[in-house]
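Peer 1: give me a 3D structure for the following:
(chains A and B)
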Protein chains: 2
Amino acid sequence: MTDIKIPLRDMRFAMRELLDWDKHYESLGYEEATPDLVDAILEEGAKFCENVLAPLNQVGDQQGCTWKDGEVTTPEGFKEAYQQFVEAGWPSLAHDPAHGGQGLPPSLGTVMSEMVGTANWSWGMYPGLSHGAMNTLEAHGTDEQKDTYLTKLVEGSWTGTMCLTEPHCGTDLGILRTKAEPNDDGSYAITGTKIFISAGEHDMAENIVHIVLARLPDAPAGTKGISLFIVPKFLPNADGSLGERNGVVCGSLEHKMGIHGNATAVLNFDGAKGFLIGPPNKGLNCMFTFMNTARLGTALQGLAHAEAGFQKSLAYAKDRLQMRSLSGPKNPDGPADPIIVHPDVRRMLLTQKAFAEGGRMLILLCAQQVDRLQKGSDEDKKEADELLAFLTPIAKAFLTETGLESANLGLQCFGGHGYIAEWGMEQNVRDARISTIYEGTTGVQALDLLGRKVLMSQGELLRRFTKVVHKFCQAEIDNEALAPFVTKLQELNKQWGDLTLHVGGKAMENPDEVGAASVDYLMFSGYAVQAYLWARAAKIANDKLAEGTGEADFYRAKLATARFYFDRILPRTASHATAMLSGAANLMDLDAEHFAF
Amino acid sequence: MTDIKIPLRDMRFAMRELLDWDKHYESLGYEEATPDLVDAILEEGAKFCENVLAPLNQVGDQQGCTWKDGEVTTPEGFKEAYQQFVEAGWPSLAHDPAHGGQGLPPSLGTVMSEMVGTANWSWGMYPGLSHGAMNTLEAHGTDEQKDTYLTKLVEGSWTGTMCLTEPHCGTDLGILRTKAEPNDDGSYAITGTKIFISAGEHDMAENIVHIVLARLPDAPAGTKGISLFIVPKFLPNADGSLGERNGVVCGSLEHKMGIHGNATAVLNFDGAKGFLIGPPNKGLNCMFTFMNTARLGTALQGLAHAEAGFQKSLAYAKDRLQMRSLSGPKNPDGPADPIIVHPDVRRMLLTQKAFAEGGRMLILLCAQQVDRLQKGSDEDKKEADELLAFLTPIAKAFLTETGLESANLGLQCFGGHGYIAEWGMEQNVRDARISTIYEGTTGVQALDLLGRKVLMSQGELLRRFTKVVHKFCQAEIDNEALAPFVTKLQELNKQWGDLTLHVGGKAMENPDEVGAASVDYLMFSGYAVQAYLWARAAKIANDKLAEGTGEADFYRAKLATARFYFDRILPRTASHATAMLSGAANLMDLDAEHFAF
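Peer 2: Presented below is the predicted three-dimensional model:
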């Protein structure tokens, strides 16, 4: 299997040349996030991911996690790698200094998560889930809860989980049944079954802090009756040492298509001691405060599998000799040409490349808004919050859909060998497959985008974005070198608004029109956002080439990829537009009982 | 896991109402293929597939095949099911009565293969591969070879394989290295390694007849130096009993993403005794005589996984309660509505349904041509041959691509549960994933279609088809009920020709233009062929409804699916058209060394 190389050059392109993070950090007052420190983090992070995590990726898939009597053993080497990760201080990177964090920008945490995920997604989910628990505690915990739990999570000696799903409800949390009954000591007895709990049980850390959604005895029905509880695997003593084993037991592990290295647990809570976090019955609101961050974390998975698949299939395409180029032998001394000479293999490689690099630009644009939310002025915060609200469902659904497509194209480049486990390409597809489902399916993200974000804001969140795009187009309208990009982008930007008006109008008559248009609308939006980012990338590349650069090949490749994206990927918007304009009747008219005979 | 139900009503729609097979069989002189017999085959075949094969599908995935000292054990129950299959006479259905066959039309064999494949694709590959060996022997074997091998294959007591691929060559058979050296007795000593040999070793039959591609000592280089050999696992004695073990040994089984129930063998030939079949150095030509049939067999896999995924996700969507319909509760007494009320779930179900039913129409149209090739007049044969040449790469690539998409949508309908093994949806995706690769990848099919079939015939093969489409449109132009279909189909038909002219023109300047357009061209063609078939289906349904029928719900569903296809799937042609018109430069300009930095 080919090694993973963290694409530092391209990451720096997005971080510095596209998004100007050096200045961004300075202006927000992240004094420690100097260019030198950022470089050191990139270099050290890449080294750890390439040398420690990537070699464990296939091992994790092959060995998986094993369950015995409620205890879970992770694959060989996972535990040791986590120990190194903790010793190097990575868990604390972007967390609150008041509880042992390094206080660096959240966006640098995202950068590190991208590197970790590209090397070994399953492994990365263990520290990844901890971030969810940490964010909950930072936002809603009492000082005592923070002292007891957050400090341990930040140093990485404990890990965390988020316990939402139950056998009968995933998307529909309003119908969850786990109960929380008050104990005399102010704690609660938590009883119920949670499933699909990622990193829910393992041997990598001494304790696990579960954040659990449950209902108080007097809770109203539906989503307004859900509360949040901290349920530690071991109850901590007053001095912080580990006390009694709590009544939460891993009943089994799921047998999954992929991400075998991560333990997906069924957790049985049998009167487990829990502590209310945040106000009663406001659990779902508390969760929403960092829903965007969590979804961004999953959007990363699309990028991670696109990048990993791209790297491996590129290496294979340069190496594998098969057939001659239609335009004459390119490797006349060999028995055949490397398959990268074939136009369709290039199409598959460039599609992956465009989605990986484009995905990176989008993720980091989102991550930048998280920094602004944390440290910006009030106006900054409002702007960042709205932009993030708009971009997050797009990033989550579009990047995981295109990540899955990319992973499949990577496999396809290998021909029959792609189907064989040893090459790692089929694992990449299996691992990627979950990403369009968890943390809100593509369908759920699409309803969130079109229904909640766009239509409920009367189109305002969209207009803010299309105004930015319009401004870019106006500024570059006379730039001849960019004309192929700018002309198309302008048309698209206008079409985006028109489609929204059209669908919005129909939705007022029939709410099912929203659901009927939503996934096509989301995909259209994803291609449009990517077009804007690729046009900006093309401008940077073009400027650099015009002013002279020692990296002409890099910038020419950037331009070539932008051109590929506009020529061969962006046309997909036409199909999505036509489909969404066709209305709901072609979906809704058929009686459920007449789908099959 | 939900049971599989063979969709007999829809199969009869395609066989009888769309393609008029009762008359077709009669006119070709298949006297035994009476409507009653056909019905009996459908009923008995469905029973066997539903009751015997479907229950072994998940077992096959979980247990897989095991290798020990060169011997392979198939999953529990596979062997017994094969015994039943043989006893019922299924292997002989469509083969030559001169060697024990029943002489029924090949198209009925395809119908049975669809049923088998939908129930259990991995199991079906064992008898499926035998057909390849039987076809080779029927077309190119000597009488003696037929007596010795064909009779055993037809009765099913032996199975067959096709040994093409070697570690360094799959698509590029011209560079294969397996050697065949003449022995004194007229046989040959075969030496080399073959990989990816489906059903290459197993315990289901007493002998295996390998058809092996190899080179004679004096063979010219490339594809013109390949000969075909029969290499039995056990050498038969003169009386037909099994003699000496031959020098072909299964070195190992591949670890694959899916189709675990089928043994994908590495076969080591170490001076194994082989018998030349067909003329020396003409092996590839001999293979080409039934390449279309073999590819049709793989096209079936797309249909099989689309159908299986559709059935299971439909059942789940009617059962699973989650969220309320946006247009108000549809199941007010329950805690939530069944997810089939949600427009996007319907979109996913209808996409699978359209691809399954549309795929069935295309496969059976192709299968009909195979009958005409076998028994038709000379003119019939020529017409059928040309239509099959044109449709086969479309059927193979388009149906497997859309089959994989369908399998993924089926999984997606299940949300997180789709990712868990017990539901069978992730197996359906893993099993489907190979279909776009083996028997010629999508890229290879696309080059075959655009380069060899369309452009090399100066567009003639396409024109024959578009003429048929045009004729249909002309006949229905005043049929108001069909107007939405016919208008669109006419435009599309014209666009298909225009695109071909355009790409053909560019290809004369630069052959890489063929490869750059080919996959988009193939997918465009697939959607166009399906549009024609759906329009015909709509006409039939519309006529039936107009004349009055006891099955109004069935025909209304057919119309609804046609409408869904035209509204929401067919618009994809626009993206493919734009992409293929963009030319080769956006793929070819980037230097191979500059794809990554």
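Peer 1: what segments of the stretch 351-500 of chain A are strands?
Peer 2: With DSSP state E, counting those that start in this stretch, there are no strands along the stretch 351-500 of chain A.
Peer 1: would you mind listing what in it touches chain B?
Peer 2: A:353, A:404, A:408, A:411-412, A:415-416, A:418-422, A:426, A:429-430, A:433-434, A:436-438, A:441-443, A:446-447, A:451 (Cβ under 8 Å from any Cβ of the partner chain). All C-beta spots, glycine's among them, are computed from the backbone N, C-alpha and C.
Peer 1: got the phi/psi numbers for A:Val249?
Peer 2: phi -130, psi 140 (degrees, to the nearest 10).
Peer 1: right, and the helix or strand after the helix or strand bottoming out on mean pLDDT in chain A?
Peer 2: Lowest mean confidence among the helices and strands of chain A (mean pLDDT, DSSP states H and E): helix A:283-288, at a mean of 88. Per DSSP states H and E, the first helix or strand lying C-terminal to helix A:283-288 is helix A:291-319.
Peer 1: buried stuff in that following helix?
Peer 2: Neighbour counts using 16 or more other Cβ atoms under 10 Å in any protein chain shown place A:291-317 of helix A:291-319 among the buried residues.
Peer 1: list the contacts for A:Gly192?
Peer 2: Residues in contact with A:Gly192 (Cβ atoms under 8 Å, 6 or more residues apart in numbering or on different chains) are A:Glu166, A:Leu176, A:Arg177, A:Thr178, A:Lys179, A:Ala214, A:Phe269.
Peer 1: and for A:Gln490?
Peer 2: Counting by Cβ under 8 Å, 6+ apart, A:Gln490 has contacts A:His470, A:Cys473.
Peer 1: distance of it from chain B?
Peer 2: Counting by Cβ to the nearest Cβ, to the nearest Å, the separation of A:Gln490 from chain B is 17 Å.
Peer 1: okay, that residue and A:Leu533: tell me how far apart.
Peer 2: 15 Å (Cβ to Cβ, to the nearest Å).
Peer 1: A:Tyr82: what's its closest spatial neighbour, skipping adjacent residues?
Peer 2: Leaving aside its sequence neighbours, A:Tyr82 sits nearest to A:Met204 (Cβ to Cβ, 6 or more residues apart in numbering or on different chains; 4.4 Å).
Peer 1: is it true that that neighbour touches A:Glu80?
Peer 2: No: A:Met204 is beyond contact range of A:Glu80, at 9.3 Å (criterion: Cβ atoms under 8 Å).
Peer 1: neighbour-wise, which of those two wins?
Peer 2: A:Met204 (23 against 12; other Cβ atoms under 10 Å in any protein chain shown).
Peer 1: circling back: helices and strands around the least confident helix or strand of chain A, which ones?
Peer 2: The contact analysis (3 or more Cβ pairs under 8 Å, 6 or more residues apart in numbering or on different chains; DSSP states H and E) places helix A:283-288 against helix A:106-140, strand A:207-214, strand A:227-232.
Peer 1: kindly recompute the last result at 10 Å.
Peer 2: Counting by 3 or more Cβ pairs under 10 Å, 6 or more residues apart in numbering or on different chains; DSSP states H and E, the packing neighbours recorded for helix A:283-288 are helix A:106-140, strand A:207-214, strand A:227-232, strand A:264-277.
Peer 1: now those as a markdown table including mean pLDDT?
Peer 2: Output for the helices and strands packed on helix A:283-288, formatted as a markdown table (pLDDT from 0 to 100):
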| stretch | mean pLDDT |
| --- | --- |
| helix A:106-140 | 96 |
| strand A:207-214 | 98 |
| strand A:227-232 | 98 |
| strand A:264-277 | 98 |
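Peer 1: tell me which of those sits nearest to chain B.
Peer 2: Chain B lies closest, by Cβ to the nearest Cβ, to one member of the helices and strands packed on helix A:283-288: strand A:264-277, at 8.4 Å.
Peer 1: partner strands of the closest one, parallel or antiparallel?
Peer 2: strand A:188-198 (antiparallel), strand A:227-232 (antiparallel), strand A:248-253 (antiparallel) (DSSP bridges).
Peer 1: angle of that strand against strand A:207-214?
Peer 2: Taking axes from the mean of the first three to the mean of the last three Cα atoms, to 10 degrees, one finds strand A:264-277 and strand A:207-214 inclined to each other by 80 degrees.
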